[in-house]
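Peer 1: Provide a 3D model corresponding to the input given below.
(one chain, ligands or ions: 2)
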Amino acid sequence: MTSPWSAPAADGPVHGTVAVPGSKSITNRALLLAALATDGVPRTVAGAARSRDTRLMVDGLAALGAGTTVRDGRDGTVDVDVVPAGRLRAARIDCGLAGTVMRFLPPAAALADGPVEFDGDPHARTRPMGGVLEGLRGLGVGLEPADADRLPFTVLGRGGVRGGSVTVDASASSQFVSGLLLSGARYDDGVAVTSSTPVPSLPHVDMTVTMLRLAGITVTSEDSRWAVSPGPVVPDPTFVVEPDLSGAAVYLAAAMITGGRVTVAGWPERRPAANPERHTQSRHDLPGLQPLAAVRRALEAFGAELTEGPDGLTVRGPDRLRGVDVDLGEIGELTPTVTALAVVAARDGESSRLRGVAHIRGHETDRLAALVAECTAVGAHVAETEDGLEVHPASGLTPTRPWGAYADHRMATAGALLGLVVPGLAIDDVAATAKTLPDFADDWPALIRGVGIPA
Ligand SMILES: O=C(O)C1=C[C@@H](OP(=O)(O)O)[C@@H](O)[C@H](O)C1
Ligand SMILES: C=C(OP(=O)(O)O)C(=O)O
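Peer 2: Ligands and ions are numbered 1, 2, ... in the order given. Prediction:
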């Protein structure tokens, strides 16, 4: 491991404009759908993050037989050309720590003409996989070991999947549902997935459904049941990825903590569909694929003011953050960022309660435990509840050791946020941000020191 990275402290309100890379969630869905296209025609996924999760998906799809070329795109992003795989082949796939790779590729691998071995980072081996594997077993797909519920495992591809209806427990991750749906149109009978328990992060399932429909696939959804009809997979020739809202939220939070003003350029990014004749609506008329309304509610609860305009998405921080009581169940991945905001509010005597995120114990690390440990180490009062965190008033924050990132990009960025008001805070592994924000270690100090990032 490299030496700890000194997080810059803010000596006044942070003002600036930032460009964030494309959403990894949209990127990895678009890449998979391009690789599964049934017409053999190459596609381009444009504006993708030049990040580890993108690279892992590209490499996984290449191993399964897709043609992939990664080219430099706009604003530090990459454009990926994908030649559909046609018949998928036996492969070994490194999932790294990417939930989208470990949950989205096994259902595709079931179509392969041979065994597909999956493994990942040491911590990936502890991430829940049960719902996807239970679903595949229910669809008649063989696994090794037969009762696998974690990485590593092998999907015994037999060149096709009959498909049908399955009921899974998706309480640990919405990605179980998304993963089964994304490849479902290539199964003989399609797939219908029912979750026996409430599904977290539902906007990500909505993102899956919308992107499947944009690829010409028929999907129905009702309560906790989603059904994908068998049929051609025909995504647009070029899919432009929206800027990553969860990454953007970190930069917006810098303005909130310091009473400044930050704009995320290029938001929202809506492009007309390249083949509008297939769509009843062009993408231009569609709302964004990411849950802006939920993110907005969470940030506004602290007293921030958000506006969308031609320049992008702008936040203006209040003079002083309010405490919040918020359900983050739809946007669990924002919990580290929201916790950092709550800890800053707590310096002014404000308490906060973050609810609905029991499932983030299965994210890149157990985020509830990690946030309690790291916030406590700087002198904050943060306690774990059954489904979230409570943050109680505490002032005089000071670092006692480097902030632990736990190989988790969002733990690293939460540490950087607290570093704005905790001088001397260092992060033990800022390189963890490469998962989604590869330029964070350069872009963050540039924003905080007022240099700004070219939009
Ligand atoms: O499908 C996706 O792209 C994601 C779904 C969510 O997962 P969970 O449902 O496991 O929270 C989210 O937190 C993750 O960052 C990305
Ligand atoms: C939970 C996250 O990622 P993953 O896609 O690996 O689940 C995240 O990015 O916060």
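Peer 1: tell me the contacts of the closest residue to P399 other than its chain neighbours?
Peer 2: Excluding the flanking residues, the one nearest P399 by CB to CB, 6 or more residues apart in numbering is L425, at 4.6 Å. Placement of C-beta: from N, CA and C, glycine included. Taking CB atoms under 8 Å, 6 or more residues apart in numbering, we find L425 in contact with S6, A7, A9, V378, P399, W403, G415, L418, G419.
Peer 1: one more time with 10 Å
Peer 2: Residues in contact with L425 (CB atoms under 10 Å, 6 or more residues apart in numbering) are 4-9, 374, 377-378, 397-399, 401-403, 415-419.
Peer 1: from T436, how far off is whichever residue of the stretch 201-350 of the chain sits closest to ligand 2?
Peer 2: Here the residue of the stretch 201-350 of the chain nearest ligand 2 is E333; by CB to the nearest ligand atom that distance is 3.4 Å. For E333, the distance to T436 equals 10 Å [CB to CB, to the nearest Å].
Peer 1: mind checking which of those two has more residues around it?
Peer 2: T436 (28 against 22; other CB atoms under 10 Å).
Peer 1: pLDDT at that one, what is it?
Peer 2: We have a pLDDT of 95 for T436.
Peer 1: cool, and D325?
Peer 2: At D325, pLDDT is 98.
Peer 1: stretch 105-121 near ligand 2 at all?
Peer 2: No - shown here: stretch 105-121 not in contact with ligand 2 (CB under 6 Å from any ligand atom), separated by at least 10.0 Å.
Peer 1: what sits in contact with each of E333 and T436?
Peer 2: Counting by CB under 10 Å, 6+ apart, the shared contacts of E333 and T436 are S25, S246, H409, R410.
Peer 1: returning to what we had before: do you know the pLDDT at the residue nearest to P399?
Peer 2: 98.
Peer 1: which residue ranges make up the domains of this protein?
Peer 2: Taking automatic domain parsing as the reference, the chain has its domains at 5-20+243-448, 24-239.
Peer 1: at contact distance from ligand 1, anything in the first one?
Peer 2: What it means is domain 5-20+243-448. Yes - interface with ligand 1: domain 5-20+243-448 contributes G332, E333, H359 (CB under 6 Å from any ligand atom).
Peer 1: how far away is the closest residue to the second one other than its chain neighbours from L202?
Peer 2: This points to E333. With CB to CB, 6+ apart as the criterion, E333 has its nearest non-adjacent residue at 5.2 Å, and that residue is S246. From S246 across to L202, the span is 15 Å (CB to CB).
Peer 1: more neighbours: the two, which one.
Peer 2: Between S246 and L202, counted using other CB under 10 Å, S246 has the larger neighbour count: 23 against 17.
Peer 1: near ligand 2, which residues of the stretch 201-350 of the chain show up?
Peer 2: Applying CB under 6 Å from any ligand atom, we find that the stretch 201-350 of the chain lies next to ligand 2 at E333.
Peer 1: who touches the residue of the stretch 201-350 of the chain closest to ligand 2 in this structure?
Peer 2: 25, 99, 201, 204, 245-246, 249, 357, 360, 363-364, 367, 409-410, 436.
Peer 1: now it. Its backbone dihedrals?
Peer 2: Here is the backbone geometry of E333 (degrees, to the nearest 10): phi -70, psi -10.
Peer 1: pLDDT wise, what is it at?
Peer 2: Note on E333: pLDDT of 98.
Peer 1: returning to what we had before: residue contacts, the residue nearest to E333?
Peer 2: Residues counted as contacts of S246 (CB under 10 Å, 6+ apart) are 20, 23-25, 290-291, 295, 331, 333-334, 336-337, 409-410, 413, 436-437.
Peer 1: pretty sure S395 is touching V378, no?
Peer 2: No - between S395 and V378 no contact is recorded; they are 11.5 Å apart, counting by CB atoms under 10 Å.
Peer 1: burial count for the residue in the chain positioned nearest to ligand 2?
Peer 2: At 2.5 Å from ligand 2, G99 is the closest residue in the chain, using CB to the nearest ligand atom. If you count neighbours by other CB under 10 Å, G99 ends up with 29.
Peer 1: now it: how far from N28?
Peer 2: On the measure of CB to CB, G99 and N28 end up 9 Å apart.
Peer 1: and for V191?
Peer 2: As judged by CB to CB, V191 and N28 stand 19 Å apart.
Peer 1: swap in T208?
Peer 2: 11 Å.
Peer 1: now for these two: what residues contact both?
Peer 2: Contacts common to T208 and N28, judged by CB under 10 Å, 6+ apart, are F104, S178, L182.
Peer 1: ok, of those residues, which one's closest to D94?
Peer 2: Using CB to CB, F104 is the member of the shared contacts of T208 and N28 that sits closest to D94, with 14.2 Å.
Peer 1: state the helix or strand in which that closest one lies.
Peer 2: Secondary structure assignment for F104, by DSSP states H and E: helix 99-109.
Peer 1: can I get that helix as PDB, trimmed to CA atoms?
Peer 2: Listed next in PDB are the C-alpha coordinates belonging to helix 99-109 (Å, rounded to 0.1, in the frame of the first residue of the first chain):
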ATOM      1  CA  GLY A  99     -21.100  -5.800  -7.900                       C
ATOM      2  CA  THR A 100     -22.300  -5.100 -11.500                       C
ATOM      3  CA  VAL A 101     -19.800  -7.700 -12.800                       C
ATOM      4  CA  MET A 102     -20.300 -10.400 -10.200                       C
ATOM      5  CA  ARG A 103     -24.100 -10.100 -10.400                       C
ATOM      6  CA  PHE A 104     -24.700  -9.300 -14.100                       C
ATOM      7  CA  LEU A 105     -22.300 -11.700 -15.800                       C
ATOM      8  CA  PRO A 106     -23.200 -15.100 -14.300                       C
ATOM      9  CA  PRO A 107     -26.700 -15.000 -15.900                       C
ATOM     10  CA  ALA A 108     -25.000 -14.200 -19.200                       C
ATOM     11  CA  ALA A 109     -22.400 -16.900 -18.700                       C
END
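Peer 1: do that helix and ligand 1 meet?
Peer 2: Yes - applying CB under 6 Å from any ligand atom, one finds that helix 99-109 is in contact with ligand 1 at G99, T100.
Peer 1: list the contacts for the residue sitting furthest away from the middle of the chain?
Peer 2: The C-alpha centroid of the chain is most remote from G396, which lies 33.1 Å away (CA atoms, centre = their mean). Each residue near G396 by CB under 10 Å, 6+ apart is listed here: R347, V378, G379, V422.
Peer 1: great, nothing more from me.
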